[in-house]
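Asker: This is the structure alone, sequence omitted:
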């Protein structure tokens, strides 16, 4: 069974600095998707970034980028120029078509605080 | 485009009562997913539905829980005879096609509290 592990329950970053959130996963599949979701205090789940496993190039979305290491089964999220609005829970998630349809497997999350 | 709409946002029930949570997917989306989030945990998949069909309910408890997505109207997650352990946030998501290639869009969740 696939698992997703986020080893950092909490992280803190100074405004305008850079922070990296870690995520590792376990799977025997070769074709899958990885996601980072943000959950602010409003509890809305917001997609931050998505990576297809068959793509070697790391995904980027403005200040957010990932470091996808397929062999190491690692998928970290880097937030550059951190802003106060980035404070939230961040969840890493895994999906592959061979599993239950629609079954995104989530990690337990990392709570990010941003200090002014 | 109003996004995925869930109601109620907050629901309080006493043990033994029934809880009904509703989800209207994004316009044009015919695939609906329900997830549960316990305190301090990530979301856990419960059930995947298309219009009038349950595609995968492997994550849903066999007893007391049921879900439907009728031809007309919202998807409903129904919990009968609620117990304290059912207290959680329940999230609905929708997609235009099966998940993965098409990203899930989540609603804001419904928080169920069982007294």
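Answerer: Perfect, thanks for sending it. These figures come from a predicted structure and were not determined experimentally.
Asker: Look at residue 15 and say how many residues are nearby.
Answerer: You didn't say which chain, so I picked chain A. Here the number of neighbours of residue A:15 (other C-beta atoms under 10 Å in any protein chain shown) works out to 13. In short, each C-beta sits where N, CA and C put it, glycine included.
Asker: Oops, wrong one, chain B.
Answerer: For residue B:15, using other C-beta under 10 Å, the count is 11.
Asker: try the one 10 residues further on
Answerer: A count of nearby residues for residue B:25, using other C-beta under 10 Å, gives 25.
Asker: Just to check, it is in contact with residue B:75?
Answerer: Yes - judged on C-beta atoms under 8 Å, residue B:25 makes contact with residue B:75 at a distance of 7.2 Å.
Asker: shared neighbours, these two?
Answerer: Residues touching both residue B:25 and residue B:75 (C-beta atoms under 8 Å, 6 or more residues apart in numbering or on different chains) are B:32, B:92.
Asker: wait, what's in contact with the closest residue to chain A within chain B?
Answerer: Per C-beta to the nearest C-beta, residue B:42 is where chain B lies closest to chain A, at 3.2 Å. By C-beta under 8 Å, 6+ apart, the contact list for residue B:42 reads A:4, A:91, A:93, A:106, A:107, A:108, A:109.
Asker: Between those, which sits nearest chain B?
Answerer: Among the contacts of residue B:42, and counting by C-beta to the nearest C-beta, the member closest to chain B is residue A:106, at 3.2 Å.
Asker: Tell me the pLDDT of the nearest residue in space to residue A:69 that is not next to it in sequence.
Answerer: Nearest non-adjacent residue to residue A:69, counting by C-beta to C-beta, 6 or more residues apart in numbering or on different chains: residue A:75, 7.6 Å away. Listed pLDDT for residue A:75 reads 97.
Asker: Quick check: residue A:75 touching residue A:32?
Answerer: No - between residue A:75 and residue A:32 there is no contact, the gap being 10.4 Å when judged by C-beta under 8 Å.
Asker: Those two: which has the busier surroundings?
Answerer: Neighbours per residue, other C-beta under 10 Å: of residue A:75 and residue A:32, the larger number sits with residue A:75, 28 against 21.
Asker: in the strand or helix carrying that one, what's buried?
Answerer: Here residue A:75 sits within strand A:74-79, counting by DSSP states H and E. The neighbour-count check on strand A:74-79 (16 or more other C-beta atoms under 10 Å in any protein chain shown) flags A:75, A:76, A:77, A:78, A:79 as buried.
Asker: quick one on the thing from earlier: please name the nearest non-neighbouring residue to the residue of chain B closest to chain A.
Answerer: residue A:106 (3.2 Å).
Asker: I'd like to know how many residues surround residue 88.
Answerer: Unless you meant another one, I'm taking chain A. So residue A:88, with other C-beta under 10 Å, has 21 neighbours.
Asker: Please refer instead to chain B.
Answerer: Residue B:88: 20 neighbours (other C-beta under 10 Å).
Asker: So which bits of chain B are right by chain A?
Answerer: B:31, B:33, B:35, B:40-45, B:48, B:55-56, B:58-59, B:89, B:91, B:93, B:95, B:98-101, B:103-109, B:111 (C-beta under 8 Å from any C-beta of the partner chain).
Asker: tell me which element the residue nearest the centre of chain A is part of?
Answerer: For chain A, the residue nearest the mean C-alpha position is residue A:36 (3.1 Å; C-alpha atoms, centre = their mean). For residue A:36, the host element (DSSP H and E) is strand A:33-39.
Asker: Fine by me, thanks again.
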